[in-house]
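1. Turn this into a structure:
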Amino acid sequence: MVSFWYYLRLIRSTFFQKPQRFQAPTVGYAIGVRDKIAIVTGGNAGIGLETVRHLAALGMTVIIGCRDKGKGERAARLLQEQEAGRTLSIHVAELDLSDLGNVTKFANYVKHFLNGKPLDLLVNNAGVMHIPHTLSKQGHELQFAVNYLGHFHLTKLLLPNMKSPGGRVVFVNAELHTLANDATPDYAYKGKGDQGYCRSKLAGVWNAYELQRRRPDLVVPVLHPGVIATNLADAPWWLKRLLFITPREGAQTTLYCCLDEDVKGLTYYHNALGMVPSSKASYDQQRAAAMWELSEQLTKPFNDL
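-> Residues are numbered from 1 along each chain as shown. Have a look, this model is predicted:
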């Protein structure tokens, strides 16, 4: 049963988002980031696009991974036009997180792109929500496939390329993970699947925490970016304008976790509440480890394509 306090947290998270607790480090404070290499999944829109904008403006080379490569290329051109006077190093590659085979192809592209250089930053940002029950190419519920399993597979494939020590894997999550008590992949639903979304986000927290335990040389924070006025949110425009924050505001917590020197792993960064505990279920190490092992089995046929 979900704790009453989590519902209070959700109300606080939605209706009282300002002032935000975290801000993106600027050029003067983001030391030593120039020429580093980052990946942002879903970097063609929303907070992903704003994340790419800031990282590239600081001098990082950023790879956008997105399902529609054409949209990603248009987004990259738009950023270059808007950031007049700066030459942004932005590259785009197809990444369909719902298809494990496509995730492998993207990882192979990244490894070729790196050409022996380390990957400094991976931002697992892309996601879907409020969708009818749909199955991925491999037969998994789509929110589980995109929000969790595709990112698990991508992260696992790129771990040998991560800078060590000090590489970062940032998990953009959601406060709605607190409404889930389990995240097994066999969940089915009718309607828009809100509980499916919550479960996929709990799985994402498990993934981040278990990765940090297995790879203490990396920095693996988890964050809630806020309730944001993007196409992902299923709400009337007037409600978005009244209560939600903008994508640029929503990217601030992500960018803080990407760049600030004090960021730690096994830590949950909430845009309005600060560094707070994630849900009780998210700290279940036994289930997190079991989910990791199961996910390795589900993705193993796609490790080498």
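2. Please look at residue 56 and residue 87 and confirm they touch.
-> No - under the contact definition of CB atoms under 8 Å, residue 56 does not touch residue 87, with a separation of 9.3 Å. For the C-beta atoms, the positions are set from N, CA and C on the backbone; glycine is no exception.
3. Settle it for me: which of these two has more neighbours?
-> residue 56 (24 against 8; other CB atoms under 10 Å).
4. Skipping adjacent residues, who's closest to the more buried one in space?
-> Nearest non-adjacent residue to residue 56, counting by CB to CB, 6 or more residues apart in numbering: residue 88, 4.1 Å away.
5. and what of residue 268?
-> residue 278 (4.1 Å).
6. Do you know the pLDDT at the closest residue to residue 164 other than its chain neighbours?
-> In space, and not counting its chain neighbours, residue 164 is closest to residue 217: 4.7 Å by CB to CB, 6+ apart. According to the prediction, residue 217 has pLDDT 98.
7. which residues touch residue 217?
-> Shown in contact with residue 217 (CB atoms under 8 Å, 6 or more residues apart in numbering): 164-167.
8. Just the buried residues of the residues you listed.
-> Among the contacts of residue 217, those scoring as buried are residue 167 (criterion: 16 or more other CB atoms under 10 Å).
9. any idea which of the contacts of residue 217 is the one closest to residue 51?
-> Out of those, the one with the shortest distance to residue 51 is residue 167. That distance is 16.9 Å, counting by CB to CB.
10. my read: the closest one touches residue 117, true?
-> No - counting by CB under 8 Å, residue 117 is not a contact partner of residue 167; they are 11.8 Å apart.
11. Show me the helices in this protein, by range?
-> Applying DSSP state H to the chain gives helices spanning 4-15, 46-57, 69-82, 100-114, 142-143, 150-158, 194-214, 237-243, 247-259, 285-299.
12. Confidence-wise, which of the ones you listed is weakest overall?
-> Ranked by mean pLDDT, the helices of the chain bottom out at helix 237-243, which scores a mean of 58.
13. returning to that earlier point: how about the contacts made by the residue nearest to residue 56?
-> Counting by CB under 8 Å, 6+ apart, residue 88 makes contact with 56-57, 62, 76, 79-80.
14. Okay, it and residue 79: tell me how far apart.
-> Going from residue 88 to residue 79 by CB to CB, to the nearest Å gives 6 Å.
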